[in-house]
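A.B. asks: no sequence for this one, just the structure:
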């Protein structure tokens, strides 16, 4: 039933995010299909590369919101004593919240991309499914760092608006720093990683080369460490 | 039936910086009775309860609830399965409906009694489909109480349970607590409402500034606490009455008023030795015992 509670807590944010992203992306693809001259299929590839960046931006905004919540927010609204009086460990409470958040984050990547493919198909264009999977995997593996950051900050900072404001601030700040320092850009610029910029072929307009498993794994390890840190913080917290 | 105390603390202390919210608390709450936890605002009642339930960590000392040591994760979880707790602010998830709240909470407890929950829903006139956030304060309190009363726990811990209830609700609550106790459930509740405590409690603990000042049965308190009004032809020195059990001495003209927690006979005897012309000994209500105790502290 903890899953049920976590779902009831986040479903509003999740469904609004899913609808907003899907509608915006579908509109963008559909609208752009009419603007771009219906010529070679490369135009579609190039369009979808840009659409993916819009999707990544909206996705980050959404997963930060999904990462908010948890026991500290419950303390702010006065319900933490009810949750903590249940015969379950704090680790399990936080674990369920994190697991559902990750699941929702994955759906927020997969479903809008399905919408993209569907809209493209409606316009009579084709796009390789393997490319969509490449984009989705980049988005999720790199982007979960932002979700983990949101969970960590929300376990450290109380306040319904303070925590997301801090996370959005950190996202922008890290983006500026990592993209402006040349030596860091290839390794630490998550935005380029998630967007596929590092793997984009400027001739074919497709993502090329093998999937960057090492980069993805590194990002996931960073995310996992942040999530473990947030569990440790909650264990020690007083409510 | 449980043997031994349901709650036991030894030198339990909780400090926030230099402030001791709970100081060297040695508490023993017996099984199968109603124990009231009295204290002013900020006396440390809620802090003690949160310590017992593992929501905050003790600075020093130790405690056990139903034999489970606090701070031991596994033992605490098992203990929480056997304890029903109603917090001071009656926390409920605002995004759930009444029915969802009941379904959610019931899933964690094997001792849940669906028939009792249904009966209480009707008694409290709780609308199953209404969201918690749109319930009145009284309704929320009733729902919080239902979630505790629809179980068959070994220990019921309630923090200010009557807050937010109307007189009918309070009456129902008190009757329910007595029934629970008669059913073999140990009840530990904190309250400001001395009249309620006096009506149902078997045992009273008075906490002030984090320290336990009184830990006695209500009958013993009624038996031992006395107010003694004395009149003398010429006023004797106050120190003549300084003895064990004398909590406070007030002198006004030729009159002396003594508040004693025990030894009232010795005080009376001393008064006669000092030629008292009038001696009046009256029992003290719990309200006065509480006020005198915290005033002295």
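C.D. replies: All right, it came through fine. The model shown is predicted, which means the values in this text are computed figures rather than measured ones.
A.B. asks: Now do the buried residues in the lowest-mean-pLDDT helix or strand in chain A.
C.D. replies: One helix or strand of chain A scores below all others by mean pLDDT, DSSP states H and E: helix A:185-188, with a mean of 74. Neighbour-count burial for helix A:185-188 flags residue A:188 (criterion: 16 or more other Cβ atoms under 10 Å in any protein chain shown). C-beta: built from backbone N, CA, C; applies to glycine.
A.B. asks: what about the helix or strand following it, average pLDDT?
C.D. replies: Using DSSP states H and E, the helix or strand that directly follows helix A:185-188 along the chain is helix A:190-195. For helix A:190-195, mean pLDDT rounds to 90.
A.B. asks: ditto for stretch B:135-149
C.D. replies: Regarding stretch B:135-149, the rounded mean pLDDT is 94.
A.B. asks: Outside of that stretch itself, list whatever touches it.
C.D. replies: B:84-87, B:90-92, B:98, B:101-102, B:105, B:116-117, B:120-121, B:124, B:126, B:132, B:156, B:158, B:161, B:163-166, B:169, B:173, B:176, B:180 (Cβ atoms under 8 Å, 6 or more residues apart in numbering or on different chains).
A.B. asks: Can you select the buried ones from the residues you listed in ChimeraX?
C.D. replies: Per 16+ other Cβ under 10 Å, the buried members of the contacts of stretch B:135-149 correspond to this ChimeraX selection:
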select /B:84,85,86,87,90,91,92,98,101,102,105,117,120,121,124,126,132,156,158,161,163,164,165,169,173,176,180
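A.B. asks: ok, back up a step: chain center to the least confident helix or strand of chain A: distance?
C.D. replies: The chain centre lies 19 Å from the centre of helix A:185-188; the measure is Cα atoms, centre = their mean, to the nearest Å.
A.B. asks: Can you tell me what sits against that helix?
C.D. replies: Residues from elsewhere that reach helix A:185-188 (Cβ under 8 Å, 6+ apart): A:178-179, A:192, A:198.
A.B. asks: tell me the contacts of residue A:184?
C.D. replies: The contact partners of residue A:184, by Cβ under 8 Å, 6+ apart, come to A:177-178.
A.B. asks: let's see 7 Å
C.D. replies: By Cβ atoms under 7 Å, 6 or more residues apart in numbering or on different chains, the contact set of residue A:184 is residue A:178.
A.B. asks: quick revisit: taking the contacts of stretch B:135-149 one by one, which sit in strands?
C.D. replies: Among the contacts of stretch B:135-149, the members falling in strands (DSSP state E) are B:84-86, B:156, B:158.
A.B. asks: Show me which positions of whatever helix or strand residue B:199 lives in end up buried.
C.D. replies: Taking DSSP H and E as the definition, residue B:199 sits inside helix B:194-200. Neighbour-count burial for helix B:194-200, counted by 16+ other Cβ under 10 Å, picks out B:194, B:196-200.
A.B. asks: just stretch A:52-71 next, same as before
C.D. replies: Under 16+ other Cβ under 10 Å, the buried positions of stretch A:52-71 are A:52, A:54-56, A:58-71.
A.B. asks: Sort out for me which of these are in helices.
C.D. replies: The members of these that map onto helices under DSSP state H are A:52, A:54-56, A:58-67, A:71.
A.B. asks: quick one: secondary structure of residue A:83?
C.D. replies: With DSSP: H, G, I helix; E, B strand; the rest coil as the basis, residue A:83 sits in helix.
A.B. asks: and it, how many neighbours does it have?
C.D. replies: Around residue A:83 there are 20 other residues, counting by other Cβ atoms under 10 Å in any protein chain shown.
A.B. asks: And the ones in helices among the buried residues of stretch A:52-71, which is closest to residue A:128?
C.D. replies: residue A:52 (13.6 Å; Cβ to Cβ).
A.B. asks: Please, where are all the helices along the chain?
C.D. replies: Reading this off chain A. Counting by DSSP H, the helices of chain A are A:2-35, A:42-67, A:71-77, A:80-84, A:90-122, A:129-156, A:162-180, A:185-188, A:190-195, A:213-236.
A.B. asks: wait, I meant chain B there
C.D. replies: Using DSSP H, the helices found in chain B span residues B:45-52, B:73-82, B:98-106, B:114-124, B:137-149, B:167-182, B:194-200, B:218-224, B:264-273, B:286-296.
A.B. asks: List the buried residues in the first one.
C.D. replies: Along helix B:45-52, these residues count as buried under the neighbour rule (16+ other Cβ under 10 Å): B:45-52.
A.B. asks: Next, the buried residues of stretch A:71-88.
C.D. replies: Result for stretch A:71-88 [16+ other Cβ under 10 Å]: buried residues A:71-75, A:79-86, A:88.
A.B. asks: same deal with stretch A:185-205?
C.D. replies: For stretch A:185-205, burial by neighbour count (16+ other Cβ under 10 Å) applies to A:188-196, A:199-200, A:205.
A.B. asks: And for stretch B:11-31?
C.D. replies: For stretch B:11-31, by 16+ other Cβ under 10 Å, it's B:12-14, B:20-23, B:25, B:27, B:29-31.
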